[in-house]
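1. dropping a prediction and its sequence here:
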Amino acid sequence: MNFAELWDYRELFLFLAWRDILVRYKQTYLGVAWAVLQPLLMVATITVVFGRMARLSSEGAPYAVMTFAALMPWLLFANTTNAGSASLVAAAGMISKVYFPRLIIPASAVLGGLLDFLVWTVVLGVLMWIYKVEFTARLLLLPVFLAAALLAALAAGLWLSALHVKYRDVKYVTPFLLQLGAFLSPVYYPAGLVPARWLGCYSLNPIAGAIAGFRWCVLGPQFEPRWPEFWGGLGITCFLLVSGAVFFRSTERTFADVI
Amino acid sequence: MSAIITARNVGKRYRLGGALRHDTLRDHITYGIQSAVAFMRQAAAGRAREKPGLFWALQEVSFEVEPGEVLGIIGRNGAGKSTLLKVLSRITDPTEGEINLQGRITSLLEVGTGFHPELTGRENIFLNGAILGMSRAEICRKFDEIAAFAEVETFLDTPVKHYSSGMYVRLAFAVAANLEPEIMIIDEVLAVGDTAFQKKCLGKMETAAKSGRTILFVSHNLPAVESLCHRCLLLEEGRLAAAGAAAEVIRKYQEKIQEKAGAPFRGAVFIKSLELRNPSGKPAQSFGAGEAITAAMEIDTGGQEIRTPYMGLGFDTASGQRVFTVGSYLSPDTLPPVRGRARVVCQIPAPPLAPGAYAVTAGLGRSNDDLLERVENAAAFRVIESDFFGNGRTPAPEQGSVLVRSRWAVDGV
């Protein structure tokens, strides 16, 4: 891994993230409001369907806040994985004409997703205020779980984007995997619903760990992550990240030929 | 002085043809099975395994470039020029050999890389500058110069999708022209913009060359190469055919083209022969300007039937630039289905070619995008001066390779 070179290209990395953000809501009527509307509409739907109609337990917490606290890391992961996966192919023109470390393309896609996240933290604050959820010092730990979600998104982005260059199947596989993932992580429901004998295995999912962390920070100790599995999940993320970077580096030399 | 670019035995191999690209997993699996079957068949027949459709775009290319040198790279289309540039600018890795670069290299393989239509001129200058390797501080410092060079100051805050194509190209080139890399690669960029802007670009290149920058210049514009470059490389079928003083290499190149054009037609699989005839029906190798050319071809499709044959003839100048293409599919006529041997005749009543040497490329296909065969240099001929315009004059060679009639008058006072 050539970190010195990556450092030399840090400005391009930032420029690309900046471009993604600038372009994202151009020519939309509602603009940045979409960043708020998407999760809010999801929260409303999930709260009605799973909270009211299916009457799932929210372990004493307001269902809407519990859902939003899960959607923040989940949507960050899903949106940036989606963008990261398609990023190299979308940048085909640049890749076949100019040299730069290809790694910064999926990485900047992940960075671009952070802006939405910042907007969501404001929404979270408003929701907590409306539902009278207590603001505690645990909220300061949110960045730890944010980092866990971001690393997972970067790992997925590296693997999927490099595979995408060669196998366009990835374009169809990614949304499908993410849909499955939303059910295999406690997005729509609290993790407490999962049968106890599967809970250990279930919690190894890095995103489940990040979601548990978010709920714990926002809502209180009844959502505390299972720490051994959380660290295990983080270990899985790190393994995927390192192997993804190695795979990416070994295929990047032929990107320009096959893209 | 030590070299700024050293290339040693550089080779680049590609898989040939679209059929061998594996865009989806399914293709990869089918291809895997096919080649396994082919391998077993060959093994059963006791033959050694042949490498499937591999193609060397570059082979054993070695050269050095001194700092401050302006090096021209010439050759026909497909000779490997673009591949060499891609390998040199690190866009793709060579299959073999090694390249040593001392300093930052920027390629202008195509200007406007990374331009986003939704972003404004100002935003695109920053983005494109960063993509081409400029730092933010550098772009800020040069911003006014770039905007002035592109002549788009008043439209800086308009999204470039509203730009005219001329403005777009000027802006894109302006960013690239204001780069200050140690090594600069320029590929055919002089083809952009109007004449005045082209002059400005050439001027910029000259100053860059004089200021001691190393420049690699690829172009079909041989006079420009000769006047700008100190040394020149000639590529032929992926190999270095000549290297040395620009004027000398260019002369060699022109000789080679003439030689090749004069070589007799060698029968290919489908297109067996091609003969050019003058208006009196006799085989000819020189025609007066505007004189009708008849191309008579013999084709043999063997056992297979071609239901809608598409035949085309491309006319190239001596330096390999296409002047025009005629085709059965580009005419009011439709060729009948062909099976076995057939004679096809194409008439061009008034070809607008200026005096000079030309080569003909012939092609046969089953449809517009199903080419069966393409024969380069199927025939060569010269156009000699004649009274095309009816006033005894002929335009100078640098005024273009086509002759176009026009009418002039004073309208009003």
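-> That came through fine.
2. could you point out which element follows the helix or strand of chain B with the lowest mean pLDDT?
-> The helix or strand of chain B with the poorest confidence is helix B:25-44; it has a mean of 63 (mean pLDDT, DSSP states H and E). Next helix or strand after helix B:25-44 toward the C-terminus (DSSP states H and E): strand B:54-65.
3. that following strand near chain A at all?
-> No - Strand B:54-65 is not in contact with chain A by C-beta under 8 Å from any C-beta of the partner chain; minimum separation 10.0 Å. Yep, even glycine has a C-beta here, placed from its N, CA and C like the rest.
4. how far does that strand sit from its chain's centre?
-> How far strand B:54-65 lies from its chain's middle: 18 Å, per C-alpha atoms, centre = their mean, to the nearest Å.
5. after it comes which helix or strand?
-> strand B:70-74.
6. now that next one: buried residues?
-> For strand B:70-74, the neighbour count (16 or more other C-beta atoms under 10 Å in any protein chain shown) marks B:70-74 as buried.
7. how long is stretch A:91-100 end to end?
-> 12 Å (C-alpha to C-alpha, to the nearest Å).
8. could you list the residues in contact with it?
-> With C-beta atoms under 8 Å, 6 or more residues apart in numbering or on different chains as the contact definition, stretch A:91-100 has outside contacts at A:9, A:12, A:88, A:102, A:105, A:255-256, A:259, B:89-91, B:105, B:107, B:109-110, B:113-114, B:131-133.
9. quick check: the residue of the stretch 151-300 of chain B nearest chain A.
-> B:Pro159 (8.0 Å; C-beta to the nearest C-beta).
10. same question for the nearest residue to A:Tyr99 once chain neighbours are set aside, what's its three-state structure.
-> Once flanking residues are discounted, A:Tyr99 sits nearest to B:Arg90: 4.0 Å by C-beta to C-beta, 6 or more residues apart in numbering or on different chains. With DSSP: H, G, I helix; E, B strand; the rest coil as the basis, B:Arg90 sits in coil.
11. list the contacts of B:Arg90.
-> So B:Arg90 contacts A:99, B:101, B:105 (C-beta under 8 Å, 6+ apart).
12. now, these that are in strands?
-> Among those, the residues falling in strands (DSSP state E) are B:101, B:105.
13. among the contacts of B:Arg90, pick out the one closest to B:Arg307, please.
-> Nearest to B:Arg307, judged by C-beta to C-beta, of those is A:Tyr99 at 46.9 Å.
14. count the residues that sit near the closest one.
-> Burial of A:Tyr99 is recorded as 18 neighbouring residues (other C-beta atoms under 10 Å in any protein chain shown).
15. please apply the same query to A:Val218.
-> Residues lying near A:Val218 (other C-beta under 10 Å) number 25.
16. need the contact list for it.
-> A:65, A:69, A:124, A:128, A:133, A:138-139, A:142.
17. quick one: low-confidence ranges for the chain?
-> No chain was given, so I picked chain A. A:1 (pLDDT under 70).
18. meant chain B, my bad for not saying
-> B:1, B:16-53, B:108-111, B:188-195, B:198, B:258-268, B:413.
19. so which residue is dead centre in it?
-> In chain B, the C-alpha nearest the mean C-alpha coordinate belongs to B:Asn77, at 4.5 Å (C-alpha atoms, centre = their mean).
20. if we ignore the residues flanking it in sequence, what's nearest that one?
-> Closest residue to B:Asn77 apart from its sequence neighbours, by C-beta to C-beta, 6+ apart: B:Gly320 at 5.7 Å.
21. which ones among the contacts of stretch A:91-100 are found in strands?
-> Those of the contacts of stretch A:91-100 lying in strands (DSSP E): B:105, B:107.
22. are any of the contacts of stretch A:91-100 buried, and which?
-> Buried among the contacts of stretch A:91-100 (16+ other C-beta under 10 Å): A:9, A:12, A:88, A:102, A:105, A:255-256, B:89-91, B:105, B:107, B:109-110, B:113-114, B:131-133.
23. if we can go back for a sec, partners of the residue of the stretch 151-300 of chain B closest to chain A in the sheet?
-> B:Thr120 (DSSP bridges).
24. before we move on, what about B:Glu275?
-> Beta-bridge partners, per DSSP bridges, of B:Glu275: B:Ala296.
25. and for it, the neighbour number?
-> 16.
26. now do B:Gly400
-> Neighbours around B:Gly400, by other C-beta under 10 Å: 12.
27. so how far is chain A from it?
-> 30 Å (C-beta to the nearest C-beta, to the nearest Å).
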